[in-house]
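**Q** everything below, folded, please.
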Amino acid sequence: MVVGLGALGVVSSLTLDIEPAFPVAQRVFEDLSWDQVLENFDDVTSAAYSVSLFTDWGGDRVGQAWLKTRTDAEAAAERASFFGGTPAPDARHPIPGVSGSTCTQQLGVPGPWSDRLAHFRMEFTPSKGDELQSEYLVPREHAVDAIRAMRRLSHLVTPLLLVSEIRTMAGDSLWLSPNYGTDSIGLHLTWRQDQDAVEAVLPVIEAELAPFGARPHWGKLFDGDASRLAPLYPRFADFKVLADRLDPEGKFRNDFLDTKVFGS
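**A** Here you go, the predicted model:
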């Protein structure tokens with residue numbers, strides 16, 4: 001029920017799995033070598049508690065790497081370089097040309113997780129605000145091949161982008177989670193506000209990523225319908241049975257659910 005897409009009715013209670021607060025230090029590195037990143041992908045993405053790579057998919061350099069390190073559990077060592085990248089001398093924003101003042105504290109200054117794990121400060125609009133978003137989750141074992149596939153699409157994707165983020169996520173057991181049963185990488189795309197152009201390129205991206213079992217983020221723009229999504233989720237049919245049992249009259253159905261989940 002955790003990834004219910006609104007199809008299962010109203011949530012009246014939930015149980016949270018929590019842990020004590022912990023401190024985090026955040027550092028940003030710029031202009032990493034794509035060759036070094038792909039040759040050492042596991043080392044790159046395991047270098048901190050959370051690692052995000054920001055790129056526009058063009059050229060031979062990765063724009064930025066954001067490393068968020070738990071200072072209570074990991075060594076937050078100073079690095080002179082990071083896979084060809086150099087430390088940012090001041091606060092950075094993931095989108096080139098936007099002030100880093102709206103982002104969470106960087107430069108290795110420790111602070112509570114709530115002020116570091118998000119990229120953007122709570123009192124500001126996250127990201128750019130005026131944008132569209134997509135994200136595809138790919139099993140971790142296909143990470144490098146999927147990234148290379150996206151780089152081949154740079155001529156189509158880069159002109160429409162504000163920025164793209166690559167991040168890793170642990171697998172889970174939630175039926176319709178894009179991380180169901182597998183550790184994943186997320187290929188996130190923050191698009192310029194051009195709905196028609198973005199929707200035109202989504203089928204191309206999804207076809208290129210299809211060999212890797214890419215699952216789209218349910219809450220962002222994607223093209224595939226239920227016939228293409230169902231084979232990606234081992235419990236897809238079980239979810240539909242559950243929805244029919246909890247909502248037999250279809251009161252919570254809508255066009256999105258009819259197309260993406262309950263269609264044939």
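**Q** what's stretch 122-133 in contact with?
**A** Residues outside stretch 122-133 that contact it (Cβ atoms under 8 Å, 6 or more residues apart in numbering) are 94-95, 98, 102, 118-120, 162, 188-195, 198, 217, 220-221. Using the backbone N, CA and C atoms, a C-beta is placed for each residue, glycine as well.
**Q** break this protein down into its domains, please.
**A** As recorded under automatic domain parsing, the domains making up the chain are 21-129, 130-222, 230-260.
**Q** the last one: how far from the chain's middle?
**A** So that's domain 230-260. 24 Å (Cα atoms, centre = their mean, to the nearest Å).
**Q** now do the longest one
**A** Computed by Cα atoms, centre = their mean, the chain-centroid distance of domain 21-129 equals 14 Å.
**Q** before we move on, what about the second one?
**A** Mean C-alpha position of domain 130-222 versus that of the full chain (Cα atoms, centre = their mean) differs by 8 Å.
**Q** how long is it from one end to the other?
**A** By Cα to Cα, to the nearest Å, the extent of domain 130-222 from end to end equals 18 Å.
**Q** equivalent analysis for the shortest one, please.
**A** Between the start and the finish of domain 230-260 there is a gap of 9 Å, counting by Cα to Cα.
**Q** name the surrounding residues that touch stretch 235-247.
**A** With contact meaning Cβ under 8 Å, 6+ apart, stretch 235-247 is reached by 1, 7-9, 175-176, 180, 229-230, 233, 253, 261-262.
**Q** list the buried residues for it?
**A** Going by neighbour count (16 or more other Cβ atoms under 10 Å), the buried part of stretch 235-247 is Arg235, Phe236, Phe239, Leu242, Ala243.
**Q** gap between the fourth one and Val3?
**A** In this structure, Leu242 lies at 12 Å from Val3, with Cβ to Cβ, to the nearest Å as the measure.
**Q** same thing with the last one?
**A** Distance, Ala243 to Val3, using Cβ to Cβ: 12 Å.
**Q** now the residue nearest the centre of the chain: how far from Arg245?
**A** Note on the chain: the residue nearest the mean C-alpha position is Gly186, at 4.0 Å, using Cα atoms, centre = their mean. Distance of Gly186 to Arg245, given as Cβ to Cβ: 32 Å.
**Q** cool, and Arg148?
**A** Separation of Arg148 from Arg245 (Cβ to Cβ): 43 Å.
**Q** what's the answer for Trp34, then?
**A** Distance, Trp34 to Arg245, by Cβ to Cβ: 49 Å.
**Q** again, but for Phe239
**A** Computed as Cβ to Cβ, the Phe239 to Arg245 distance reads 11 Å.
**Q** could you do Arg116 as well?
**A** Distance, Arg116 to Arg245, using Cβ to Cβ: 42 Å.
**Q** nearest to Leu14, of the domains of the chain?
**A** Across the domains of the chain, Leu14 has its closest neighbour in domain 130-222 (13.1 Å, Cβ to Cβ).
**Q** the domains of the chain into TSV, with extra columns for mean pLDDT and distance to Ser13?
**A** Shown next, in TSV, are the domains of the chain (pLDDT from 0 to 100; distance: least, Cβ to Cβ, whole Å):
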stretch	mean pLDDT	distance to Ser13
domain 21-129	93	24
domain 130-222	97	17
domain 230-260	96	15
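**Q** make TSV out of these and add distance to Thr15.
**A** Shown next, in TSV, are those (distance: least, Cβ to Cβ, whole Å):
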stretch	distance to Thr15
domain 21-129	19
domain 130-222	14
domain 230-260	18
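**Q** hmm, back to that, can you redo the buried residues of stretch 235-247 as JSON lines with distance to Val109 and secondary structure?
**A** Listed next are the buried residues of stretch 235-247 as JSON lines, based on distance: Cβ to Cβ, whole Å; DSSP: H, G, I helix; E, B strand; the rest coil:
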{"residue": "Arg235", "distance to Val109": "43", "secondary structure": "coil"}
{"residue": "Phe236", "distance to Val109": "45", "secondary structure": "helix"}
{"residue": "Phe239", "distance to Val109": "44", "secondary structure": "helix"}
{"residue": "Leu242", "distance to Val109": "46", "secondary structure": "helix"}
{"residue": "Ala243", "distance to Val109": "47", "secondary structure": "helix"}
